[in-house]
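**Q** structure of the sequence below:
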Amino acid sequence: MIAVPIVIVILLVVVYLIGFRKKSIKTSIKTKTIKIFKSSDAVHLYIAEVEVFNGSGTNVALPEHGGSATQSSTAFGWGAERAIDGNTSGVAPWMSATGASDLEYLQLTITPQVIKSVTVHNTSGNEVQEGFLEGAKLVLYDENDVEYFAKVLTSDISQTILV
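**A** Below you'll find the model as predicted:
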């Protein structure tokens, strides 16, 4: 009779430890690359700003912290560097813009490290461009360029994704 409650307690402890272990493993992955892929419904990928925060609260996407940005193509002369310039206003022309093919993306590269969140700022002040992040996909890659996290974005003006 006593053996049944003991077995249940042991099982609960094992389940708890497995859950804790999975959480610990995920939060210790070092991110190197962040990509945002354009939704197939959007004409261009417009992004006002991408902020990548580490455990100290530092935005490691900024060039002064080692971040760099590239994009698959450039529309209107609005290059990838505008997505990491610290300007979150999202008013044209202070944003990045890619071409119009289905395979467009913005890529950020940081010094490999554990990150806590990514904040993506959508465009604003222009009805034609607002909502262009709806359906875009945020993907995080580890220091070996293996995808470990993905999230579909919304049309919100600013959205923070906890990693």
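**Q** spell out the secondary structure type for Thr33.
**A** Using DSSP: H, G, I helix; E, B strand; the rest coil, the structure places Thr33 in strand.
**Q** against Leu108, how distant is the closest residue to it other than its chain neighbours?
**A** Closest residue to Thr33 apart from its sequence neighbours, by CB to CB, 6 or more residues apart in numbering: Tyr141 at 4.1 Å. Every residue, glycine included, has its C-beta placed from N, CA and C. Tyr141 sits 10 Å away from Leu108, going by CB to CB, to the nearest Å.
**Q** who's more crowded, these two?
**A** Leu108 (25 against 19; other CB atoms under 10 Å).
**Q** hey, what's the closest residue to the more buried one other than its chain neighbours bridged with?
**A** On the basis of CB to CB, 6+ apart, the spatially nearest residue to Leu108 that is not a chain neighbour turns out to be Ile34, at 4.3 Å. Taking DSSP bridges as the rule, Ile34 bridges to Leu108, Leu140.
**Q** could you count how many residues lie near Ile34?
**A** Neighbour tally, Ile34, other CB under 10 Å: 24.
**Q** and for Glu64?
**A** Around Glu64 there are 9 residues (other CB under 10 Å).
**Q** angles on the backbone of it, please.
**A** phi -70, psi -10 (degrees, to the nearest 10).
**Q** how near is it to Glu81?
**A** Note on Glu64: its distance to Glu81, by CB to CB, is 13 Å.
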